[in-house]
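Below are the sequence and a predicted model for it; my questions follow.
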Amino acid sequence: MKKHWVGIAFILALCLVACAFAQENSQVHMLRPYGKQGNPAALAITYYGGPVFETAPTVYIVYYGKWTTKDRKVIDTFFANLSGTSMNKINTTYSDNNNKFIPNAVNYDPTTDSYHDNYSLGKTIRDAQVQQIIANAISKGKLPNDQNGIYFSLLAADVADPDGQCTSFCGYHSPSRSIVSGEIIKYSMVGNPARCPSGCEASAVIGDSNSPNNDPGADGTVNIMWHEYSESDSDPNVGIQTAWNGGPCGENGDCCAWQFGTLKVASNGSHYNEKIGGKHYITQMMLKLSQKKRGNNIPGTCENTYNHP
């Protein structure tokens, strides 16, 4: 009987962990796979009163599972050099009730702001485990506890998220009050698009067989991260204190999902539209507001860079 009760106690403990890390809001804010994302005729977005990042956020990355040195270099270079770019400046058109606009700045140092988790929770990861991965990194001192941060849990290509990865989403972002008790931590799950390239990998979506950095999985991951990063920037507490959302589009990344604008040809024959930190990338356009004000259905345009004609 003792073993029987021990088994029951273990199952109950697992259930409690899952409940503790349940999503805070009923709607997951996701990048849907190519072909499943709406493309509204009217580009407009609504402000609902919540906060934006008033000071430069710090990006934190947990590389979960097998990510090669090359993979990490592609991803790290993008976020280490995104701050101050004309591309990131698009997000500065969004403000909050304090009349504060998102700054054209982001902090990321791969030596202090990234961490490798070697499959600590296995190869089947649901949202509760995504949050647990980040909670563990913080509690073990691998990453700092930062309410002004955006934490990414990047799942390797051999890790599955049965909640809808590849069928319903390529990645998503959300706030959590469970990762650190009493705080709102902004986090994002991004799956390696090599798992389903036709739906989630930017280069494959436009018909390329390779990618700008000869690493389709990592290049495609950057595109998804740019989507979720920008939505976290302009709507960090969605579902708790929603900011920019709704209207014909959804969030600012949704409005321009899988639209890449003007493309150039890289030396390997693949296509790109951005040059960040000396590397070429293919990333979706982002919604640039046409008016620097808040309200209902504020119009915008999909742009690669702030200064696009």
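The structure has been received and is ready for your questions. Numbers count the residues shown, from 1 in each chain.

Distance-wise, check the residue most central in space within the chain relative to K292.
Centroid check for the chain by Cα atoms, centre = their mean gives E228 as the closest residue, at 2.7 Å. As judged by Cβ to Cβ, to the nearest Å, E228 and K292 stand 24 Å apart. For every residue, glycine as well, the C-beta is placed using N, CA and C.

what do you get for P162?
When distance is defined by Cβ to Cβ, P162 is 42 Å away from K292.

before we move on, what about M189?
32 Å.

cool, and P110?
Counting by Cβ to Cβ - P110 and K292 are separated by 33 Å.

of the two, who's got more company?
P110 (17 against 11; other Cβ atoms under 10 Å).

what sits against the nearest residue to that one once chain neighbours are set aside?
Take P110 and drop its neighbours on the chain: the residue closest to it by Cβ to Cβ, 6 or more residues apart in numbering is D76, 4.1 Å away. Counting by Cβ atoms under 8 Å, 6 or more residues apart in numbering, D76 makes contact with I61, Y108, P110, S114.

most neighbours, which of those residues?
I61 (26 neighbours).

Y34 and C200 touch, don't they?
Yes. Between Y34 and C200 there is a contact at 7.2 Å, judged by Cβ atoms under 8 Å.

So if I had to pick from the two, which one is more boxed in?
C200 (29 against 20).

What pLDDT is listed against the more buried one?
pLDDT, the model's per-residue confidence, is 98 for C200.

Next: T69.
Reading off the model, T69 has pLDDT 98.

thinking again about what came up before, closest to A157 out of the contacts of D76?
A157 has its nearest neighbour among the contacts of D76 in I61, at 16.2 Å by Cβ to Cβ.

give the contact list for the nearest residue to the closest one once chain neighbours are set aside.
Closest residue to I61 apart from its sequence neighbours, by Cβ to Cβ, 6+ apart: S114 at 4.4 Å. S114 makes contacts with Y60, I61, V62, Y63, R72, D76, as judged by Cβ under 8 Å, 6+ apart.

So which of those residues are in helices?
R72, D76 (DSSP state H).

Kindly reformat the contacts of S114 as a markdown table containing distance to E274.
Formatted as a markdown table, these follow (distance: Cβ to Cβ, whole Å):
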| residue | distance to E274 |
| --- | --- |
| Y60 | 22 |
| I61 | 19 |
| V62 | 24 |
| Y63 | 22 |
| R72 | 19 |
| D76 | 16 |
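
Can you add distance to N145 and pLDDT and give the contacts of S114 back as JSON lines?
Conversion of those to JSON lines gives the following (distance: Cβ to Cβ, whole Å; pLDDT from 0 to 100):
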{"residue": "Y60", "distance to N145": "10", "pLDDT": "99"}
{"residue": "I61", "distance to N145": "16", "pLDDT": "99"}
{"residue": "V62", "distance to N145": "14", "pLDDT": "98"}
{"residue": "Y63", "distance to N145": "19", "pLDDT": "98"}
{"residue": "R72", "distance to N145": "23", "pLDDT": "98"}
{"residue": "D76", "distance to N145": "22", "pLDDT": "98"}
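
So which of the contacts of S114 is the closest to I125?
V62 (11.2 Å).

For the closest one, give its distance to G35.
29 Å.

Give me the more crowded residue out of those two.
A direct count of neighbours by other Cβ under 10 Å for V62 and G35 places V62 higher, at 24 against 9.

Please list all residues in contact with that one.
Per Cβ under 8 Å, 6+ apart, neighbours of V62: S114, Y115, H116, D117, I133, I134, A137, L143, Y151, F152, S153, L154.

if you set the cut-off to 6 Å instead, what comes out?
The contact partners of V62, taken as Cβ atoms under 6 Å, 6 or more residues apart in numbering, are Y115, D117, I133, A137, S153.

repeat for M87
Going by Cβ under 6 Å, 6+ apart, the list of residues near M87 reads E274, T305.

One more: G300?
L43, L287, K288, L289, S290.

Is it within a helix or a strand, and which one?
G300 belongs to strand 298-303 when elements are defined using DSSP states H and E.

Equivalent analysis for Y151, please.
strand 149-155.
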